[in-house]
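K.L.:
test case, fold it:
(one chain, ligands or ions: 1)
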Amino acid sequence: MTDTSTTATDFDDLLEANRRYAETDFATGGFDGVAHAGVAIVTCMDSRIDPLRMVGLAPGDAKIFRNPGGRVTSNALEALVLGVHLLGVRRVLVVPHTRCAMASASEQELRERVGASAGQDASWQAFHVIEDQRGALLADVRAVRSHPLIPDTVAVGGFLYDVDSGLLERVV
Ligand SMILES: [Zn+2]
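P.N.:
Now for the predicted structure:
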């Protein structure tokens, strides 16, 4: 689709695929919203990451929270508190990844690239780039572990996902 304006047919291919999905692949009808494997994953929005399959899980098993960089933001903490107390989460994985744009570009560089694409000034837009990915991961795991509403009985681990090998490395 090269037309940049929106039309009523913009999503037709996806809706068609959705009907096929509902007929053939969909298996979680009637499920509750509990994380059946007791797992929550905070990870990046990167399209190379399949957060369920990379740890052998399936729909219904886990709570997934994604954002650029896979950071433990205040919004992520909200999700984890809900997950732990209301949705059966007992283990939390924080999973940034190799070759992440949020950890390899500078704030200035991202603003320039977005500005060039948008054809207007983007210097006011924050992207929260990560200068020290491992250091950020340590701080993020600490933020989960030290949250007053997340008990010590919840296991919290920080991992780096290698987008070229598919392997997780435990960092903390
Ligand atoms: Zn990323």
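
K.L.:
ok, the residue minimising distance to the centre of the chain to residue 159 distance?
P.N.:
By Cα atoms, centre = their mean, the mean C-alpha position of the chain lies nearest to residue 66, the distance being 2.0 Å. To residue 159, residue 66 is 15 Å away according to Cβ to Cβ, to the nearest Å. For glycine as for every other residue, the C-beta is placed from the backbone atoms N, C-alpha and C.

K.L.:
please apply the same query to residue 49.
P.N.:
On the measure of Cβ to Cβ, residue 49 and residue 159 end up 12 Å apart.

K.L.:
do residue 80 as well
P.N.:
Taking Cβ to Cβ, one finds residue 80 at 16 Å from residue 159.

K.L.:
give the helix, strand or coil label for residue 13.
P.N.:
helix (DSSP: H, G, I helix; E, B strand; the rest coil).

K.L.:
now for it, how many residues are close by?
P.N.:
10 (other Cβ atoms under 10 Å).

K.L.:
gap between it and residue 171?
P.N.:
39 Å.

K.L.:
likewise for residue 33?
P.N.:
Taken as Cβ to Cβ, the span from residue 33 to residue 171 is 30 Å.

K.L.:
looking at the two, which is more packed in?
P.N.:
Between residue 33 and residue 171, residue 171 has the larger neighbour count (other Cβ under 10 Å), namely 16 against 10.

K.L.:
and for the more buried one, nearest residue in space, chain neighbours not counted?
P.N.:
residue 158 (4.8 Å; Cβ to Cβ, 6 or more residues apart in numbering).

K.L.:
from the chain's centroid, how far away is the one helix or strand that neighbour maps to?
P.N.:
For residue 158, the host element (DSSP states H and E) is strand 155-161. Centroid separation between strand 155-161 and its chain, computed with Cα atoms, centre = their mean, to the nearest Å, is 13 Å.

K.L.:
repeat that for stretch 41-59.
P.N.:
8 Å.

K.L.:
quick check, that stretch touching the ion?
P.N.:
Yes: against the ion, stretch 41-59 shows contacts by Cβ under 5 Å from the ion at 44, 46.

K.L.:
so who does residue 112 touch?
P.N.:
residue 122 (Cβ atoms under 8 Å, 6 or more residues apart in numbering).

K.L.:
secondary structure element for it?
P.N.:
Going by DSSP H and E, residue 112 is part of helix 107-118.

K.L.:
contacts for the helix or strand just after that helix, please.
P.N.:
Downstream of helix 107-118, the first helix or strand assigned by DSSP H and E is helix 133-145. When contacts are defined by Cβ under 8 Å, 6+ apart, helix 133-145 is touched by residues 42, 69, 71-72, 77, 80, 92, 94, 96, 100, 103, 130, 150, 152, 156-158, 160, 171-172.
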